[in-house]
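Asker: Prediction below, plus the sequence it came from.
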Amino acid sequence: MPGRLRLACIGGFLGSGKTTMMINLGRRLVEKHGRRVAIITNDQGDVLVDSKVVRDFGFEYAEVLHGCFCCRFPEFITSVHEIMAKLHPDVVLAEPVGSCTDLLATVYAPLRRYYSGEITLAPYTVLVDASTVLRYHRKYDLLSPKDPLGSLLSWQIKEAEIIAINKVDLVSAENLAEVENLVRRLNSEAEVLRTSAKTGYNLDVLTDMLLSREHKPRPTIEVDYDTYGTAEAKLGWFNGSWKLSSKHKLKLENLISDLVLETAKRIEDLGGLVVHLKVSFWTGEGSAKASYVLTEESVDFTGTVPPPSDEVEVIMNIRALLGPEAITDCVKKALEAVALKYDAEYSGWVASSFKPSYPKPYYRLPQT
Ligand SMILES: Nc1nc2c(ncn2[C@@H]2O[C@H](COP(=O)(O)OP(=O)(O)O)[C@@H](O)[C@H]2O)c(=O)[nH]1
Ligand SMILES: [Mg+2]
């Protein structure tokens, strides 16, 4: 009889490194532990950079689109079952939407109650971005937040069973100590681990924890859904795709950097804040991802940027503190400016932008 599937949700705020972490945990699970691994991505919209990236790294994946795991729990379970039937994985890594919280009550509790015969649950892991959390803390006071977004960020940390303070490669020892102190004050029960999804620091430890430890129910945090809904509604979402072509060979690293920075600048000029902007781009010769998190000055590339090409396909996803129409306008204008600069044309523009709708979980069960 096949063993039960082990499911690990890797949560955390937008841009904290969830997709990067899942890919690098997934690799360890395959290469060092001989496990079959599948990944589930999730978004409020469709046309996802994350799915493209996960596929580029060679993982089987399923998507839950147009809503989070909690609000689309039946679709989530269908995805788990489909991927079980197709791939018979030992481990599924699942990435909830980065603006989601209350996952213990809305995802873990129903999984325990109705699906424990087929699924075992690893402790709920939440990534905290060491390079940005103090900026959010200064802005929103995560220890006693008045702003809904501050409450959302604090609930995400409070409900974790394992907290991975991620991107430790980017911060000083002093800042790291401050982050750890903050995190422990918010959640004294969680196991706290310092990680770098990028360099691999402590990922063997986290992999072992996810394989060997069990999720343990504990009292649900008090999430106020009106505050939660207000926090999510402050965010604008943009998912779009298009192709850029030119008579000349386009230098992709420069082109994509300019596109990302130009878009971010326009959003910030309107008083908005880019929480996470990510781009997947590919040619006949390869693909890579570019990412920009919270007023970074530079664009972070993952994968090998393909050589100059006269054509490149692009998917762009943005989560920003700005209205969705204004974000679309910024992307369009940035794209036009960059096309002009590189003597290129864009075509096949498909885009949608929206605010996440009010969170209405399918289940919300007590954690006992
Ligand atoms: N320096 C550094 N960058 C990281 C680390 N983890 C993720 N990133 C980068 O952070 C950005 C957002 O990562 P992503 O995995 O897309 O975040 P998600 O939105 O939480 O899924 C990307 O540019 C990643 O390369 C890390 O540990 N260190
Ligand atoms: Mg992601």
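Answerer: Arrived safely, thanks for sending. Ligands and ions are numbered 1, 2, ... in the order given.

Asker: mind listing what Val107 touches?
Answerer: Val107 makes contact with Cys9, Phe69, Cys70, Phe73, Phe76, Pro96 under the criterion Cβ atoms under 8 Å, 6 or more residues apart in numbering. Where C-beta positions appear, they are placed from N, C-alpha and C, glycine not excepted.

Asker: In these, find the pair that's most separated.
Answerer: Using Cβ to Cβ, those span at most 12.6 Å, a distance reached by Cys9 and Phe73.

Asker: Look at these two and report which has more neighbours.
Answerer: Between Cys9 and Phe73, Cys9 has the larger neighbour count (other Cβ atoms under 10 Å), namely 27 against 20.

Asker: any idea how far the closest residue to Gly323 other than its chain neighbours lies from ligand 2?
Answerer: Sequence neighbours aside, Gly236 is the residue nearest to Gly323 in space, at 5.5 Å (criterion: Cβ to Cβ, 6 or more residues apart in numbering). Distance check for Gly236 against ligand 2: by Cβ to the ion, to the nearest Å, it reads 17 Å.

Asker: wait, is Arg266 part of a helix?
Answerer: Yes. Counting by DSSP: H, G, I helix; E, B strand; the rest coil, Arg266 is part of a helix.

Asker: Identify the residues contacting it.
Answerer: Shown in contact with Arg266 (Cβ under 8 Å, 6+ apart): Cys330, Lys333, Ala334.

Asker: In strands, which of the contacts of Val107 fall?
Answerer: Taking DSSP state E as the definition of strands, these contribute Cys9.

Asker: just the contacts of Val107 that are near ligand 2?
Answerer: Contacts with ligand 2 are made by none of the contacts of Val107, judged by Cβ under 5 Å from the ion.

Asker: which one among the contacts of Val107 gets closest to Lys249?
Answerer: For these, the minimum distance to Lys249 (Cβ to Cβ) is 40.0 Å, reached by Pro96.

Asker: Kindly confirm whether my reading is correct that that closest one touches Asp102.
Answerer: No. Contact status for Pro96 versus Asp102: not in contact, 10.3 Å apart, counting by Cβ atoms under 8 Å.

Asker: Need the residues touching each of the two.
Answerer: Common neighbours of Pro96 and Asp102 (criterion: Cβ under 8 Å, 6+ apart): Cys70.

Asker: The two - which one has more neighbours?
Answerer: The residue with more neighbours, out of Pro96 and Asp102, is Pro96; 27 against 23, by other Cβ under 10 Å.

Asker: Just the pLDDT for Pro2.
Answerer: In the prediction, the pLDDT value recorded for Pro2 is 56.

Asker: Kindly report the same for Glu75.
Answerer: pLDDT at Glu75 comes out at 96.

Asker: Can you report phi and psi for Val49?
Answerer: phi -60, psi -40 (degrees, to the nearest 10).

Asker: Quickly note the distance from it to Ile221.
Answerer: With distances taken as Cβ to Cβ, to the nearest Å, Val49 is found 30 Å from Ile221.

Asker: Neighbour count: those two, which is higher?
Answerer: Val49 (26 against 17).

Asker: Touching, the more buried one and Ser287? I think so.
Answerer: No. Look at Val49 against Ser287 with Cβ under 8 Å: they stay out of range, at 10.7 Å.
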